[in-house]
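> Below is the sequence, then the predicted model.
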Amino acid sequence: QVQLVESGGGSVQTGASLRLSCAASGRPLSTYTMGWFRQAPGKEREFVSAVSWGGRSTYYAESVKGRFSISKDNAKNTVYLQMNSLKPEDTAVYSCAAGSQGLQYVRDYIRYTYWGQGTQVTVSS
C-alpha cells in the first residue's frame, strides 16, 4: 500500500507560480511511475504530467508543456509539480497517482493504482 498526500495548492493570479508536492508513505516511490492529473468542475479528469520510476523520462500534456515541470526525489519519497505562468484554465483539483504500468500508459488514469486526495489550484484573471 502507498499513501499519497498532496500539498502546495492555493489561489493565485494569472502568471503566478505554484509548486505542488506529493509525499508518499508505505512504499518507496522509486518503483512507481508517478502521475499528476487534474479535474475542473464539470469536466473529466485530465492528464497533466508523469515521470518514470527512475525519474529519467517525463511526460506532459500539450496544454502545460513548457510551463509545468515534474520531478521526483526518491530520497524524500516525494514528487513535485512546478507550475509556472499559470492561467485561469489551469484551475482544478490536482491529484497525484502512483502506478506500475508501462510507460506507454502514463496518460491513462485507470492504469494508476494509488491516488492522493487532491489539492485545489485556483487561478484568477
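Perfect, I can see it now. Numbers count the residues shown, from 1 in each chain.

> contacts for stretch 98-105?
2, 4, 24, 29, 31-35, 52, 57, 59, 108, 111-114 (Cβ atoms under 8 Å, 6 or more residues apart in numbering). Quick note: C-beta positions are derived from backbone N, CA and C, even for glycine.

> Same check on stretch 117-125?
Surrounding stretch 117-125, the residues in contact under the criterion Cβ under 8 Å, 6+ apart are 5-14, 16, 18, 20, 38-39, 83, 86-95.

> Swap in 7 Å and give it another go.
Contacts made with stretch 117-125 from outside it, assessed by Cβ atoms under 7 Å, 6 or more residues apart in numbering, are listed as 6-9, 11-14, 18, 20, 86-88, 90-95.

> What average pLDDT does it get?
Mean pLDDT, taken over the full extent of stretch 117-125, equals 97.

> Then stretch 84-96?
Computed over stretch 84-96, the average pLDDT equals 98.

> Contact partners for the spatially most central residue of the chain?
Among the residues of the chain, the smallest C-alpha distance to the mean C-alpha position (Cα atoms, centre = their mean) belongs to residue 36, namely 2.2 Å. With contact taken as Cβ under 7 Å, 6+ apart, residue 36 is in contact with 48, 49, 70, 81, 94, 96.

> Without its sequence neighbours, what residue ends up closest to the last one?
In space, and not counting its chain neighbours, residue 96 is closest to residue 22: 3.5 Å by Cβ to Cβ, 6 or more residues apart in numbering.

> in the host helix or strand of that neighbour, what's buried?
Mapping residue 22 onto the secondary structure by DSSP states H and E places it in strand 18-25. For strand 18-25, the buried set under the neighbour-count rule, 16 or more other Cβ atoms under 10 Å, comprises 18, 20, 21, 22, 23, 24.

> How far away from the center of its chain is that strand?
On the basis of Cα atoms, centre = their mean, to the nearest Å, strand 18-25 is displaced by 8 Å from the centre of the chain it belongs to.

> No further queries at this time; thank you.
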